[in-house]
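# Take a look and give me a structure for this.
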Amino acid sequence: MYELKTKENDASVIEFIENLENQKKREDAYKLLDFFTETTGYQAKMWGPSIIGFGAYHYKYDSGHEGDAPLVGFSPRKAKISLYFATGDAKREELLKILESIHQEKLVFILIKLLILMLMF
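Numbers count the residues shown, from 1 in each chain. So this is what the prediction gives:
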């Protein structure tokens, strides 16, 4: 039976961020940490070795595969920061395309906040 690798764990979010090699990635990670914490109202938790998640939901596919995942989260990867959002919203893909096409930092944060609020309510 397949065992999900990305599970919530007790690793330190702050320690993970502090161990990022790139100073700019650390700064961005702290901005996102503050932003997601304030926007969602959830405390940050590590999911697997490299995803910082907020909140959680349980999913189950028709195939029988099921598990838990963060409602929203991010991971400061080497190339770029990846954002994660819970599935299920009909406009999710449309909104993610909009986010991907925008590179201005302030506008991205505004759009992320709107997206999170839309997915939560």
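# which SSE is Leu4 in?
Leu4 belongs to no helix or strand when assigned by DSSP states H and E.
# Not including adjacent chain positions, what is the nearest residue to it?
Leaving out its chain neighbours, the residue that sits closest to Leu4 by CB to CB, 6 or more residues apart in numbering is Gly67, at 4.5 Å. Bear in mind the C-beta positions are built from the backbone N, C-alpha and C, glycine included.
# Assign a three-state SS to that neighbour, would you?
Secondary structure, DSSP: H, G, I helix; E, B strand; the rest coil: Gly67 is strand.
# Bridge partners for it, pull those for me.
In this entry, Gly67 is beta-bridged to Tyr59, by DSSP bridges.
# Against Trp47, how distant is it?
Gly67 sits 11 Å away from Trp47, going by CB to CB, to the nearest Å.
# List the residues that contact the residue nearest to Leu4.
By CB atoms under 8 Å, 6 or more residues apart in numbering, the residues touching Gly67 are 4, 7, 58-59.
# 10 Å instead?
Neighbouring residues of Gly67 by CB atoms under 10 Å, 6 or more residues apart in numbering: 2-7, 57-61.
# May I see the buried residues of the host helix or strand of Leu83?
Following DSSP H and E, the helix or strand that holds Leu83 is strand 81-85. Neighbour-count burial for strand 81-85, counted by 16 or more other CB atoms under 10 Å, picks out 83-85.
# quick one: least confident of these?
For the buried residues of strand 81-85, the model is least confident at Phe85; its pLDDT is 79.
# residues of the helix or strand hosting Lys31 that come out buried?
Here Lys31, judged by DSSP H and E, is contained in helix 23-40. By 16+ other CB under 10 Å, the buried positions in helix 23-40 come out as 25, 28-29, 32-33, 36, 39-40.
# would you turn those residues into TSV with pLDDT?
Below are those laid out as TSV (pLDDT from 0 to 100):
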residue	pLDDT
Lys25	90
Asp28	87
Ala29	92
Leu32	89
Leu33	93
Phe36	86
Thr39	78
Thr40	79
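# Would you mind pulling up the elements that the strand holding Leu83 packs against?
helix 23-40, strand 51-54, strand 72-76, helix 92-101, helix 105-120 (3 or more CB pairs under 10 Å, 6 or more residues apart in numbering; DSSP states H and E).
# Good, wrapping up.
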